[in-house]
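Peer 1: got a sequence here, can you build the structure:
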Amino acid sequence: MEKTAYKFFYVNPEKCIGCNLCEYACSLKKAGEFNPLKSRIRVVRMHPFINLALVCKLCDHPPCVTSCPRDALTQSEETRVIRVYNEKCDGCGWCIEACPYGAIRYDPDIGAVVICDLCDGKPECKDVCPVEAIDFLASEKDIGERWVEAYRRWIEESGKFIRLAEKGDLDVFKESTATIEKIDEKLRALFEKQQPPLGKSKKETQ
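Peer 2: I've put the predicted structure just below:
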């Protein structure tokens, strides 16, 4: 029997600039408002020059599912996406504690946890990213190999950064204008998608 080809969410750590637009796009689509606290993707700053956006990792044996005492979480065999049944979830937080990636949040407005569901393969966060840092990869192995390459490049780039800074040749604003223009363009597009009234609770199952 042919093995199912899953899609794994990947954020390129070399490209991510920590602009948070992915959080705004996600919260707008899923909760109808610009509120990073309701986003299912979370931007983390690991270092002044290293930003990372985290989502559900589609674990092979998800600890969040097995830890839930009310069977409110299930994993799709076809996509490995975690589904939350809001009518069963009582917000106990066990799944949040069990997730090693910090990819689960509790939404007090719906009284249940929320987890990235990949938007059926068409995530808003991917489209809104101004530097195209978000992508889908075919396997966890691909992601691992890209991370190894990223670490190698970080070491090389850090050395170049230090040498340029010592010589006084470093211009950190060289490409900032173009990036800011892209962010502004994407943000304007998000505002155009915004439709009042905002902030309504969503009771339906994810």
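
Peer 1: from here on, contacts and neighbour counts on C-alpha atoms
Peer 2: OK.

Peer 1: show me where the chain has helices.
Peer 2: Assigned by DSSP state H, the chain shows helices spanning 21-31, 63-67, 94-98, 124-128, 140-167, 176-193.

Peer 1: check which residues of stretch 90-110 are buried.
Peer 2: 91, 93, 95-96, 98-99, 103-107, 110 (16 or more other C-alpha atoms under 10 Å).

Peer 1: outside of it, which residues touch it?
Peer 2: Counting by C-alpha atoms under 8 Å, 6 or more residues apart in numbering, stretch 90-110 makes contact with 38, 40-42, 54-57, 62-65, 67-68, 86, 111-116, 201-203, all of which sit outside it.

Peer 1: so where is this structure shaky, pLDDT-wise?
Peer 2: 1-5, 46-49, 138-140, 143-144, 147-148, 150-175, 195-206 (pLDDT under 70).

Peer 1: list the contacts for the most centrally placed residue in it?
Peer 2: Taking C-alpha atoms, centre = their mean, the centroid of the chain lies closest to Ile41, which sits 3.1 Å from it. Contact partners of Ile41, counting by C-alpha under 8 Å, 6+ apart, are 22-23, 26, 53-55, 103, 116.

Peer 1: from these, pick the one nearest Leu137.
Peer 2: Ranked by distance to Leu137 (C-alpha to C-alpha), the contacts of Ile41 are led by Val55 at 13.9 Å.

Peer 1: check contacts around the closest one.
Peer 2: 9, 40-42, 101, 103, 115-116.

Peer 1: on that earlier part again, so the nearest residue to the residue nearest to the centre of the chain once chain neighbours are set aside versus Lys88, what's the distance?
Peer 2: The shortest distance from Ile41 to any non-neighbouring residue, by C-alpha to C-alpha, 6 or more residues apart in numbering, is to Val55 (5.0 Å). Between Val55 and Lys88 the computed distance is 23 Å (C-alpha to C-alpha, to the nearest Å).
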